[in-house]
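Engineer: Provided below are the primary sequence and the corresponding predicted coordinates.
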Amino acid sequence: VCAILTGALLIDEDDVNERIILSGVLTFLTGALTLFFGLFRLGFIDSLLSRPLIGAFVLGSALVIMIEQIHNMAGIPKYDTITRFVGNCTETALPPACNTTISYDAGSHTTYGLLEHFFNHISDTKGYTLAYSLINAPFHGGLKFARKGFPKSTILRFFPGILVAVIA
């Protein structure tokens, strides 16, 4: 949840160094606030929030994460990229600095914008990537289910499911 809020806060910051500094400050403040609540035993404040409110917040966070990952599952680039030519070449310029292109995203960073972009580019879906994603998710769910059903099975316990997915 903190990562989603930090990302939402820093998404419009263009300077990378500024993003790093701001994320460090946010991380420090979050830790300081957590330490403050712990030292003064203020954990009871959590019980003042209703369970449906917390559940709705967690559900909303899960939906945002799912929408952000749907592009990867279908093999669609998350944003339209615009490439521009940088032509500040002089005789003393080194080859990597000369004739370089810069790509940046031109899409919307909102959840609605990502969903709209996905449906606009659904015809660009890569079949192998989608098939891999649709096979991989049930494979890991089935492996987890099998490990629960057969807790004493050493083969299931030590079976490297993630490694198999990466190699495949």
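Structural biologist: Nice, I can see it.

Engineer: show me where the protein has its helices.
Structural biologist: Listed in chain order, the helices of the chain (DSSP state H) span 2-10, 16-39, 45-48, 51-74, 111-120, 127-149, 154-158, 161-167.

Engineer: most tightly surrounded among those?
Structural biologist: Among these, the stretch with the highest mean neighbour count (mean count of other CB atoms under 10 Å) is helix 111-120, at a mean of 14. Just so you know, the C-beta spots here come from the backbone N, C-alpha and C atoms, and that holds for glycine as well.

Engineer: report the angle between that one and helix 2-10.
Structural biologist: Counting by axes from the mean of the first three to the mean of the last three CA atoms, to 10 degrees, helix 111-120 points 90 degrees away from the direction of helix 2-10.

Engineer: hmm, back to that, any chance of the helices of the chain in a markdown table, plus mean pLDDT?
Structural biologist: Converted to a markdown table, those look like this (pLDDT from 0 to 100):
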| stretch | mean pLDDT |
| --- | --- |
| helix 2-10 | 77 |
| helix 16-39 | 90 |
| helix 45-48 | 78 |
| helix 51-74 | 88 |
| helix 111-120 | 85 |
| helix 127-149 | 91 |
| helix 154-158 | 89 |
| helix 161-167 | 85 |
